[in-house]
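Chemist: Kindly generate the corresponding structure for this input.
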Amino acid sequence: MDVIDTHCHIISADQDRYPRAPIGGKQSAWATARPVDAEGLLARMDEVGIRQAVLVQATTAYGYDNSYVLDSRRRWPERFIAVGTFDPLRPDAGVRLADLCGDGGLAGVRLFTSGSTVPTQGEWFAAPETEDFWRRAGELGVTVCLQMRLGPATAQLVSVLERYPTVTVLLDHMGYPDIAASPARAGKEVADLARNPGLHLKLTHRNLERLHDAGDEAVDFLRPVLEAFGPERIAWGSNCPAAEQSLPELLDLARNVLSPLPGEAREAIFAGTARRLYPGLGNTQN
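Modeler: Purely as a prediction, here's the structure:
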């Protein structure tokens, strides 16, 4: 089966060429403990038969400096596309977005509103000052990865989706729904968002680990989410190397949790959705 990893991070050992500038001023623990450069990621991908991957900017290492993911994309264009961290509050956001996402540039952008070094969920991504960014993203057809937590900022997410219905948003880690507390309740929370057609879900180990632990109750989450979104709006990402597990383990986890799904659904989640969100990957496996 064709597999595309939509959520990989890379960090270079060359700090002179690619200096660290983590958002929030603090580097994440994984970026220090287990960094992987582009060559190392390619070796891991080859080990498990993953031909293509989306390089998502390591925001907690490089902040808004997307140089390394862009350089790696240009060096291995048949293997990688790049998603860079972006500041939608800057006054020239619309123009800057168009420049960054031109030929050979970013395939998408990421708004980092909460994470390991930003513990408080920000609501700034829905502020009036971001209007130029969201409007231009819709016009350009740029996929916007949104790193946020459902609950604290769900209302702001819905507001953006309703105000800019042509924008495609890919919700990192599905917004961290609390599957452990109640798979059924978490499933309903996520499924309720499907009424916004521009919203897509990125399924990673952050969710898959909880679903694996839920055992037979995992279906109480998966069923409503899949019925509401359809597999064509869900994409798998490993989160390698931020995840503690190896890439083979992360891929096996996804395959095991999703094994009860029909083959067509798994094909969409593992590759088809990614190709629609990021046309630069091509329409068929290389």
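Chemist: Run through the residues that contact Val54.
Modeler: Counting by Cβ atoms under 8 Å, 6 or more residues apart in numbering, Val54 makes contact with 4-8, 80-83, 107-108, 237, 274, 278. All C-beta spots, glycine's among them, are computed from the backbone N, C-alpha and C.
Chemist: Any chance of the residues you listed in TSV with secondary structure as columns?
Modeler: TSV is the format used below for the contacts of Val54 (DSSP: H, G, I helix; E, B strand; the rest coil):
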residue	secondary structure
Ile4	strand
Asp5	strand
Thr6	strand
His7	strand
Cys8	strand
Phe80	strand
Ile81	strand
Ala82	strand
Val83	strand
Ala107	coil
Gly108	strand
Gly237	coil
Ala274	helix
Tyr278	coil
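Chemist: Let's have those in JSON lines, adding neighbour count and distance to Glu123.
Modeler: Supplementary listing: these in JSON lines, determined by neighbours: other Cβ atoms under 10 Å; distance: Cβ to Cβ, whole Å:
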{"residue": "Ile4", "neighbour count": "23", "distance to Glu123": "31"}
{"residue": "Asp5", "neighbour count": "30", "distance to Glu123": "30"}
{"residue": "Thr6", "neighbour count": "32", "distance to Glu123": "25"}
{"residue": "His7", "neighbour count": "27", "distance to Glu123": "23"}
{"residue": "Cys8", "neighbour count": "26", "distance to Glu123": "28"}
{"residue": "Phe80", "neighbour count": "25", "distance to Glu123": "32"}
{"residue": "Ile81", "neighbour count": "22", "distance to Glu123": "29"}
{"residue": "Ala82", "neighbour count": "26", "distance to Glu123": "27"}
{"residue": "Val83", "neighbour count": "26", "distance to Glu123": "22"}
{"residue": "Ala107", "neighbour count": "21", "distance to Glu123": "26"}
{"residue": "Gly108", "neighbour count": "24", "distance to Glu123": "22"}
{"residue": "Gly237", "neighbour count": "26", "distance to Glu123": "25"}
{"residue": "Ala274", "neighbour count": "27", "distance to Glu123": "29"}
{"residue": "Tyr278", "neighbour count": "21", "distance to Glu123": "27"}
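Chemist: Mind putting those residues into JSON lines with distance to Ala184 and pLDDT?
Modeler: Supplementary listing: these in JSON lines, determined by distance: Cβ to Cβ, whole Å; pLDDT from 0 to 100:
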{"residue": "Ile4", "distance to Ala184": "30", "pLDDT": "98"}
{"residue": "Asp5", "distance to Ala184": "29", "pLDDT": "98"}
{"residue": "Thr6", "distance to Ala184": "27", "pLDDT": "98"}
{"residue": "His7", "distance to Ala184": "26", "pLDDT": "98"}
{"residue": "Cys8", "distance to Ala184": "31", "pLDDT": "98"}
{"residue": "Phe80", "distance to Ala184": "38", "pLDDT": "98"}
{"residue": "Ile81", "distance to Ala184": "36", "pLDDT": "97"}
{"residue": "Ala82", "distance to Ala184": "37", "pLDDT": "98"}
{"residue": "Val83", "distance to Ala184": "32", "pLDDT": "98"}
{"residue": "Ala107", "distance to Ala184": "35", "pLDDT": "97"}
{"residue": "Gly108", "distance to Ala184": "32", "pLDDT": "98"}
{"residue": "Gly237", "distance to Ala184": "24", "pLDDT": "98"}
{"residue": "Ala274", "distance to Ala184": "28", "pLDDT": "98"}
{"residue": "Tyr278", "distance to Ala184": "32", "pLDDT": "97"}
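Chemist: Just name the shakiest helix or strand of the chain by mean pLDDT.
Modeler: When each helix and strand of the chain is scored by mean pLDDT, DSSP states H and E, helix 29-33 comes last, with a mean of 89.
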